[in-house]
Structures are given as structure tokens and as C-alpha cells.
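Enquirer: fold the following, please.
(one chain, ligands or ions: 1)
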Amino acid sequence: MSKCEITFGKMKWRNPVTVASGTFGLEYVGLFDLSLLGALTTKTITPEPKAGNEPQRIVETKAGLLNSIGLQNPGVEEFIKTDLPEYRKIDTNLIVSVSASSINEFAKLVKRLDTQPGIDAYEINISCPNVENEGIAFGTDPEIVFDLTKKLREATDKTLIIKLSPNVTSITDIARRAENAGADGLALINTLYGMAVDVETGKPKLHNIIGGYSGPAIKPIALQNVYKVAQAVKIPILAMGGISSINDALEFIIAGATAVAIGTYNFVNPLGTIEVIEGIQEYCSNNNIEYKKLIGSIQT
Ligand SMILES: Cc1cc2nc3c(=O)[nH]c(=O)nc-3n(C[C@H](O)[C@H](O)[C@H](O)COP(=O)(O)O)c2cc1C
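Expert: Numbering: from 1, shown residues only. Okay, here's the model as predicted:
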């Protein structure tokens with residue numbers, strides 16, 4: 001059967017499937033062999049520990065999930081001490097998702113992680129507030145994305161993936177600036193904004209009022225973003241946003257994604273990644289198509 005191996009930046013993946021940051025962690029060890037994944041992506045790590053937001057932090061809606069986790073994580077030092085040795089035992093590419101509140105903090109964080117063995121790539125979560133720009137998310141300003149990517153390009157030789165937010169005016173401008181500054185790849189999309197109200201109490205369902213919206217409802221939005229970005233850049237795209245079936249994954253690949261990540265669907269089917277890996281391989285075999293030729297093969 002076709003194995004669908006890919007190159008993503010400086011990494012070789014045994015298949016084009018990973019998990020979306022924050023939806024899959026070490027708790028899956030033992031459930032299945034995680035080295036079957038093309039890559040593993042960690043939850044976002046920040047310089048200091050973060051307790052996250054007050055509950056309620058997760059709300060299910062008809063067609064998706066609202067979350068306001070608030071980047072809960074143990075901080076970089078605890079991650080290096082406790083989680084990284086466990087991730088290192090898994091024989092696949094490791095993508096560490098990172099976030100910080102200024103460009104210099106981002107660079108310091110990446111340099112600190114770069115002292116450690118076993119990391120293959122960084123996914124840069126730019127959907128977080130930038131203290132040097134009135135707390136507005138890094139990812140909304142093409143020039144800030146350029147400056148951040150350039151600084152991180154100087155900080156590491158490892159594969160650098162910039163994770164784009166859909167909550168912007170022109171995602172293609174941002175994608176191009178990240179590419180111009182030396183990014184090896186792009187990941188998209190992060191969550192959209194959403195909210196829900198409890199009509200019994202009249203209160204917002206999330207403690208934080210507004211959260212990130214993910215799952216099946218956002219798939220068409222993610223797909224058009226991936227399609228547009230694929231037309232605008234040459235670097236590979238890691239696509240995510242509502243992928244809940246083999247067919248969903250294939251749509252993103254045909255629209256231009258080199259690889260796909262399963263996010264919210266992990267909560268519905270913890271073996272969803274394996275289902276998608278096998279499905280893509282079967283599709284390529286049955287249609288006698290080389291995986292690389294499927295990428296961006298959309299007929300318009
Ligand atoms: C519970 C939850 C936690 C998340 N945490 C992070 C995170 O820490 N860092 C990040 O970059 N994205 C985070 N995301 C966003 C996902 O990685 C992904 O971009 C988004 O959910 C869209 O994909 P999906 O619809 O397949 O879930 C989170 C999403 C969910 C649902």
C-alpha cells in the first residue's frame with residue numbers, strides 16, 4: 001500500500017497526519033502506538049507556567065466546540081523536565097508548539113528549547129496577545145509576523161512552522177510575510193471566535209464569555225483559507241479545522257495541504273488519526289495516485 005511519505009521543511013514524515021495542538025497529549029500513550037503518526041504536535045508551551053482560564057472552559061455546540069482553555073501548560077522548564085523525555089520515547093517527529101508575549105520572549109523560548117535533543121520543529125502560535133502592541137494578537141499584523149518569523153529564523157535551524165489565525169483581514173498577506181521571513185511551513189487554521197449563552201441564567205456559557213470555535217462547523221472556512229494560502233505561497237501547509245473523516249482530510253490535501261492535523265475530532269474518536277492515515281493510504285492505492293501528485297491537484 002502507498003505509504004504517503006512526505007517532506008515537511010527539514011522533516012521526513014512517514015505519513016501526512018499529525019494532531020492539532022492542544023487536542024492530544026501524552027495521555028494517549030498506551031491507547032495506540034503514537035509512532036504511527038507522521039508527527040506529534042504538543043500543546044502550546046509558554047515561558048512560565050499558566051493555570052489557564054476559570055471554568056467553564058469547554059462548551060459543546062450543535063456543530064462544533066467552544067473552548068477558552070487559556071493556554072494552560074506547565075511552562076518551558078517543567079515541560080523540558082517532565083514531558084519532553086516522554087515525547088522523546090515516541091519514534092516520530094516532534095513539533096513543539098510555543099507562545100510568548102513579545103518577540104524577544106518568543107526567541108528566548110525557542111533558544112531554550114533548542115538546547116534540548118529530540119525536537120524536530122516549532123509551531124509558532126501567533127494567536128496570542130502581544131504586550132508590545134496593546135495586547136493585540138501577533139497574528140493579525142503582517143509586519144509583526146514578518147519581524148517575529150525573522151527573529152525566530154535567526155534563533156533556530158529547526159523547521160519553523162507559523163500557525164495562522166483565521167481572525168484576520170487577509171490571511172494570504174500574513175502567509176506571504178511569514179514565507180518571506182524564512183518560515184519553512186504554515187499551519188492553519190487556529191480557532192475562530194465564538195460564544196454561547198445560557199438562556200436559563202442569561203449568562204455566557206464560557207466563563208471567559210468569548211472562546212475559540214473548532215470542529216466540523218469550521219471546515220469550509222478552514223478549507224477556503226488553505227486553498228487561498230496554497231495559491232499564495234510555495235512552502236508546505238499543515239491544514240486543520242474540522243477534519244472529522246478521511247474525506248475531509250482528502251479535501252484539504254486536494255486544495256493544497258501537504259499534511260493534515262486532527263483536532264477536535266480526537267475527542268469524538270480517539271483513534272481518528274489512525275482512521276485518517278489508513279484512509280489516505282488506501283485512497284492513493286485504490287486510485288493508483290502518488291501522494292505528492294494529490295497535493296494541490298484541485299481542478300478549477
Ligand atoms: C480544547 C482545545 C485546545 C486547543 N489548544 C490549542 C493550543 O494550545 N495551541 C494552539 O495553537 N491551538 C490550540 N487549539 C486549536 C487547534 O490546534 C486547532 O487549530 C483548531 O481547533 C482547529 O482544528 P479542529 O477544528 O480540527 O479542532 C485548541 C483547540 C481546542 C479544541
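Enquirer: contacts only, for Trp13.
Expert: Glu5, Ile6, Thr7, Gly38, Ala39, Asn93, Ala259 (C-beta atoms under 8 Å, 6 or more residues apart in numbering). Placement of C-beta: from N, CA and C, glycine included.
Enquirer: again, only this time at 6 Å
Expert: Contacts for Trp13 (C-beta atoms under 6 Å, 6 or more residues apart in numbering) come out as Ile6, Gly38, Ala39.
Enquirer: the residue nearest to Pro142 when sequence neighbours are not counted: neighbour count?
Expert: Counting by C-beta to C-beta, 6 or more residues apart in numbering, Arg177 is the residue found nearest to Pro142 once chain neighbours are left out, at 4.3 Å. A count of nearby residues for Arg177, using other C-beta atoms under 10 Å, gives 21.
Enquirer: Glu54 now?
Expert: Glu54 has 11 neighbours, counted by other C-beta under 10 Å.
Enquirer: what are the ranges of the helices in the protein?
Expert: Assigned by DSSP state H, the helices in the chain fall at 76-78, 84-88, 103-114, 142-155, 171-180, 219-232, 246-254, 265-268, 272-286, 291-294.
Enquirer: state the pLDDT value of whichever residue of the stretch 101-250 of the chain sits closest to the ligand.
Expert: The ligand sits closest to Ser214 of the stretch 101-250 of the chain, with a gap of 3.2 Å, by C-beta to the nearest ligand atom. What the model reports for Ser214 is a pLDDT of 98.
Enquirer: what's the answer for the one 10 residues further on, then?
Expert: Per-residue confidence at Gln224 stands at 98 (pLDDT).
Enquirer: returning to that earlier point: in strands, which of the contacts of Trp13 fall?
Expert: Ile6, Ala39 (DSSP state E).
Enquirer: and which of the contacts of Trp13 is nearest to the ligand?
Expert: Ala39 (13.4 Å).
Enquirer: show me what contacts that closest one?
Expert: By C-beta under 6 Å, 6+ apart, the contact set of Ala39 is Trp13, Thr18, Thr92, Asn93, Ile95.
Enquirer: neighbours around the second one, how many?
Expert: When you say that, I think you mean Thr18. 27.
Enquirer: same deal with Ile126?
Expert: Neighbours of Ile126 using other C-beta under 10 Å come to 24.
Enquirer: that older thread, give me the pLDDT for the residue nearest to Pro142.
Expert: For Arg177, the predicted pLDDT is 98.
Enquirer: that one reaches Asp147, doesn't it?
Expert: No. Between Arg177 and Asp147 there is no contact under C-beta atoms under 6 Å: 9.1 Å.
Enquirer: before we move on, back to that, got the contacts of Trp13 as JSON lines, with pLDDT and distance to the ligand columns?
Expert: Converted to JSON lines, these look like this (pLDDT from 0 to 100; distance: C-beta to the nearest ligand atom, whole Å):
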{"residue": "Ile6", "pLDDT": "98", "distance to the ligand": "19"}
{"residue": "Gly38", "pLDDT": "98", "distance to the ligand": "16"}
{"residue": "Ala39", "pLDDT": "98", "distance to the ligand": "13"}
